[in-house]
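All I have is the shape, not the residue letters:
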């Protein structure tokens, strides 16, 4: 969590979903940019001024004094907090502010919009461990990433949606992508007043079962095997469409320990099998030399509901630990050997935050939003990698070299810098929708997610889909009848 997300590939990933020339403006035209107030919490109360000051240093960016005179508006929100204190000396056991330097946690989500409110670009930045002024450091990152994105073009022309009859679409399923889905449904409604989308984030298994029962118009799951596991005979009746790319992270609550903690797959399997019971177990100490791990019992937290996040977590453990594969395996609702259950990603994050000595697993953005520390995980190359948009992008890139289809897995991807528990998350829609109005509305929304929707993902900790996947998905949407 402490590393900077150097996401220079982020703008490229977001732009990859755009049609050629979509960011080009009239020759000689330079869009004027206004920095609006960021919705942040202390110590970022001067964040608007900090970002503006950094953007002034970039000659290619023209700033407007107010929103009325601007073509583009940049803003966002987030939080920065002190997650611990690093002692002045290696020998001291300093825990109070006066006895050490602060280690910052947090994030700032950023969006660039045009005057119509359409998101053209988004970003997510986190502070460095050695940051003396976290807010100013994040302002520098935002300015640098934005300048790189603007080099690719300027503004996106607003094209209105085709007129549609008033339709209500209902969906249910995964909590893993719920932050970005919620944003999509709200923003799509603003652009297309004839369609309203309602979604219940009640877990992948519940969502798929409701879809199979005809209770909702679409489902959502982080498991590409969701239909196969629940109703294999019905697989051909549904189309799986990747929506965004995310990551599952091990979240921990170790009071007084500001250091990053690292895990191997065998260590995680040992903890969740109940074989590693203490935080200072020799297995964990060997992985974390120099880290003062406490003599504290480990409390395991897992999902209580049928969950695609659980599938991604157990799929990773099954691929990398023979012990886990033999004892538990992968599934939406695995038979957990130990631990306490909690509902949804948000429930796991909040329970871990409450219980000292606990460990759980959640989607990346839930760890940030709940101020929960998360660990690095060793990848197939032997590197201990922290989840970030950059390391998720590396996993997608390396995995796609070997396979590029709508059901591809990016779990335990090879390659330098790849975060090993990265995954697509899928929308599941019927291949045949007899209601003409609903079919038209659903297909229109799905196509929208491949363009404007992808550009809104990064600010919420998700990576945009690779352009190869976008092309295949557009073809798949066209088959819905």
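Nice, thanks for sending it over. Fair warning: this is a prediction, and the values are worked out from it, not measured in the lab. Numbers count the residues shown, from 1 in each chain.

ok, which stretches of the stretch 1-150 of the chain are helices?
Along the stretch 1-150 of the chain, the stretches classed as helices by DSSP state H, counting those that start in this stretch are 8-15, 47-56, 134-150.

Centre of the chain to the very next helix or strand once past the longest one, how far?
Spelled out, that is helix 134-150. Later in the chain than helix 134-150, the nearest helix or strand by DSSP states H and E is strand 167-173. Centroid displacement of strand 167-173 relative to its chain, using Cα atoms, centre = their mean, to the nearest Å, is 22 Å.

Identify each buried residue in the helix or strand following strand 167-173, please.
Later in the chain than strand 167-173, the nearest helix or strand by DSSP H and E is helix 178-191. Within helix 178-191, the residues that count as buried by 16 or more other Cβ atoms under 10 Å are 178, 179, 180, 181, 183, 184, 185, 187, 188, 191. For every residue, glycine as well, the C-beta is placed using N, CA and C.

Surely the third one and residue 458 touch.
What that stands for is residue 180. No: if you go by Cβ atoms under 8 Å, residue 180 and residue 458 don't touch, sitting 9.5 Å apart.

circling back to that earlier point, okay, the buried residues of helix 178-191 in CSV with pLDDT and distance to residue 285 next?
What follows is those, written out as CSV (pLDDT from 0 to 100; distance: Cβ to Cβ, whole Å):
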residue, pLDDT, distance to residue 285
178, 91, 37
179, 89, 35
180, 93, 38
181, 95, 41
183, 91, 42
184, 95, 44
185, 94, 46
187, 89, 47
188, 92, 50
191, 85, 54
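
Could you single out the nearest of those residues to residue 334?
residue 178 (21.3 Å; Cβ to Cβ).

Any stretches of this protein with poor pLDDT?
Scanning the chain for pLDDT under 70 picks out the ranges 1-30, 40-45, 84-100, 129-131, 152-165, 258-259, 400-405.

Could you break it into its assigned domains?
By the record's domain assignment, the chain is partitioned as 8-150, 167-244+426-477, 247-422 (automatic domain parsing).

in the stretch 251-400 of the chain, which spans are helices?
Using DSSP H, counting those that start in this stretch, helices in the stretch 251-400 of the chain cover 265-272, 282-287, 308-320, 322-327, 344-354, 364-369, 389-400.

tally of neighbours for residue 237?
By other Cβ atoms under 10 Å, 12 other residues sit near residue 237.

Need phi/psi at residue 281.
phi -60, psi 140 (degrees, to the nearest 10).

Could you pull up the contacting residues of it?
residue 270 (Cβ atoms under 8 Å, 6 or more residues apart in numbering).

now the one 5 residues further on
Taking Cβ under 8 Å, 6+ apart, we find residue 286 in contact with no residue.

And residue 382, by the same measure?
Residue 382 neighbours (Cβ under 8 Å, 6+ apart): none.

any idea how far residue 415 is from it?
Separation of residue 382 from residue 415 (Cβ to Cβ, to the nearest Å) stands at 12 Å.

try residue 102
In terms of Cβ to Cβ, residue 102 sits 34 Å off from residue 415.

With residue 478 instead?
From residue 478 to residue 415 the distance is 32 Å (Cβ to Cβ).

the more surrounded of the two?
The neighbour comparison of residue 478 against residue 415 (other Cβ under 10 Å) goes to residue 415, with 16 against 10.

how far away is the residue lying closest to that one once chain neighbours are set aside from residue 240?
Spatial nearest neighbour of residue 415, chain neighbours left out: residue 398 (3.1 Å); criterion: Cβ to Cβ, 6 or more residues apart in numbering. Separation of residue 398 from residue 240 (Cβ to Cβ) stands at 22 Å.

from the middle of its chain, how far away would stretch 125-138 be?
20 Å.

what's the first-to-last distance across it?
End-to-end span of stretch 125-138 (Cα to Cα, to the nearest Å): 7 Å.
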